[in-house]
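S.K.: Okay, sequence plus prediction incoming.
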Amino acid sequence: MHRRSLARFDFDAVLLPYNFFMAQSTRYRESFEEVLAICRERNVAVQVIKSIALGPWATADRTHNHVVPAARGPGGHRPGGALDLGLPDVFLNTAGDLSLLPKVLDAASRFQRRPRTRR
């Protein structure tokens with residue numbers, strides 16, 4: 001849908017979900033990368049949401065005020081959008097649940113490199 005919309009309209013920015021869980025899907029990751037390439041060519045800002053999501057909303061207990069439970073990495077830490085933080089030209093929108101904001105900011109301050117995704 002993003003590719004079709006970008007072909008039809010001259011947007012200044014797009015907003016789409018991307019996180020470690022979604023990047024494990026080859027189909028989704030490749031679609032995201034295609035949209036990102038189009039946006040870079042056209043100088044369209046890319047804003048990422050749901051960057052700390054653990055998985056699909058339908059399978060999760062609803063324990064927070066955001067759409068999906070926050071992901072936990074090895075050792076139980078929350079990666080806080082590490083996959084997205086390493087993407088040049090991508091803006092990371094934080095979770096709507098303010099209790100998670102300090103965790104996202106902490107992860108951003110400690111960011112060194114993007115985690116590897118399956119290829």
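M.R.: Ah, there it is.
S.K.: Going by C-alpha atoms from here, please, whenever you check contacts or count neighbours.
M.R.: OK.
S.K.: quick check: longest helix of this protein.
M.R.: helix 26-42 (DSSP state H).
S.K.: Now the element after that helix, going C-ward?
M.R.: Downstream of helix 26-42, the first helix or strand assigned by DSSP states H and E is strand 45-49.
S.K.: helices or strands next to that following strand in the packing?
M.R.: Contact partners of strand 45-49 among helices and strands, from 3 or more Cα pairs under 8 Å, 6 or more residues apart in numbering; DSSP states H and E: strand 13-17, helix 26-42, strand 90-92.
S.K.: neighbouring contacts of it?
M.R.: Residues from elsewhere that reach strand 45-49 (Cα atoms under 8 Å, 6 or more residues apart in numbering): 12-18, 36, 39, 84, 89-95.
S.K.: Give the rounded mean pLDDT of that strand.
M.R.: Averaging pLDDT along strand 45-49 gives 92.
S.K.: Could you identify which of the helices and strands packed on strand 45-49 is most buried?
M.R.: strand 90-92 (a mean of 18; mean count of other Cα atoms under 10 Å).
S.K.: Let's verify Arg4: helix, strand, or coil?
M.R.: helix (DSSP: H, G, I helix; E, B strand; the rest coil).
S.K.: if I look at it, how far off is Pro102?
M.R.: Note on Arg4: its distance to Pro102, by Cα to Cα, to the nearest Å, is 36 Å.
S.K.: next one: Phe20
M.R.: Look at Phe20 and Pro102: by Cα to Cα, they are 19 Å apart.
S.K.: Below-threshold pLDDT in the chain: ranges please.
M.R.: Applying pLDDT under 70 to the chain flags residues 54-86, 111, 113-119.
S.K.: The nearest residue to Phe11 once chain neighbours are set aside: neighbour count?
M.R.: Leaving aside its sequence neighbours, Phe11 sits nearest to Val44 (Cα to Cα, 6 or more residues apart in numbering; 6.7 Å). A count of nearby residues for Val44, using other Cα atoms under 10 Å, gives 19.
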